[in-house]
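S.K.: Need coordinates for the following:
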Amino acid sequence: MSEEILVRHCSPTLANIKTGNLVNCRIDSVYRLKKDIISLNSVLNAKGVSIRVLYCSSERALIYVYRPEKLNADMQNGKNKKFLNLIGYRGTTNDELINELSARVYSCGGFPHEIGLFLGYPIDDVISFIENKGKNFKCCGCWKVYHDEDNAKKTFEKYKKCTNIYCKKYLQGSSLKRLTV
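M.R.: The predicted structure follows:
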């Protein structure tokens, strides 16, 4: 996995304005992916960013790039915590919760709907998405919005602007380490 892919798909997390991002990427080898992630974590962990593999086959990987402190705060939110407990999550630490999420990704062969909580999406929109089976939303951007449409649109625009700026700076020679806040 390259730095360029991280910048293109994870700029809001690198900029510390989002809890996490997902990258679904093609891989040449699992061994090389593991080496890349170790190398990237050696740079990013000191900046408060971690990278984990949620799913991996011989051809593709689903990578979770996240801010552990933001994730911990999100997971300690009473409504988020209660919802995760209700749907069967038993973990209390980030690692335990991510391991449970990873197991669910493997078992369902896709994206369990609660994954939105791990990305920093509003709990009310995550629950409404499940209840409405993905239909009847007000608008769609990074997620399907059912409640605070105005705030969501501002957030989508902020993420888009961040990504555009980060991609431009990366192409101009800024390093991943320098771009990570």
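S.K.: in the protein, which spans are helices?
M.R.: Secondary structure of the chain by DSSP state H: the helices cover 3-14, 30-44, 68-76, 78-86, 94-108, 115-118, 123-131, 149-171, 176-179.
S.K.: In JSON lines: those, plus mean neighbour count and distance to C140.
M.R.: Yep, even glycine has a C-beta here, placed from its N, CA and C like the rest. JSON lines is the format used below for these (neighbours: other C-beta atoms under 10 Å; distance: least, C-beta to C-beta, whole Å):
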{"stretch": "helix 3-14", "mean neighbour count": "21", "distance to C140": "17"}
{"stretch": "helix 30-44", "mean neighbour count": "15", "distance to C140": "30"}
{"stretch": "helix 68-76", "mean neighbour count": "16", "distance to C140": "21"}
{"stretch": "helix 78-86", "mean neighbour count": "14", "distance to C140": "22"}
{"stretch": "helix 94-108", "mean neighbour count": "16", "distance to C140": "22"}
{"stretch": "helix 115-118", "mean neighbour count": "22", "distance to C140": "13"}
{"stretch": "helix 123-131", "mean neighbour count": "17", "distance to C140": "10"}
{"stretch": "helix 149-171", "mean neighbour count": "15", "distance to C140": "9"}
{"stretch": "helix 176-179", "mean neighbour count": "16", "distance to C140": "28"}
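S.K.: For the residue most central in space within the chain, name its beta-bridge partners.
M.R.: Closest to where the C-alpha atoms of the chain average out (C-alpha atoms, centre = their mean) is N21, at 2.5 Å. The partner list for N21 in beta bridges (DSSP bridges) reads V65.
S.K.: Relative to N94, how far out is it?
M.R.: 16 Å (C-beta to C-beta, to the nearest Å).
S.K.: How about L40?
M.R.: 18 Å.
S.K.: ditto for Y121
M.R.: 17 Å.
S.K.: Contacts only, for the residue nearest to the centre of the chain.
M.R.: Residues near N21 by C-beta atoms under 8 Å, 6 or more residues apart in numbering: 9-10, 12-13, 64-66, 119.
S.K.: same deal with C139?
M.R.: Per C-beta under 8 Å, 6+ apart, neighbours of C139: 145, 149, 152-153.
S.K.: any idea of the pLDDT on D95?
M.R.: Turning to D95, the model gives it a pLDDT of 97.
S.K.: With G109 instead?
M.R.: According to the prediction, G109 has pLDDT 74.
S.K.: residues near it, how many?
M.R.: G109 has 7 neighbouring residues, counting by other C-beta atoms under 10 Å.
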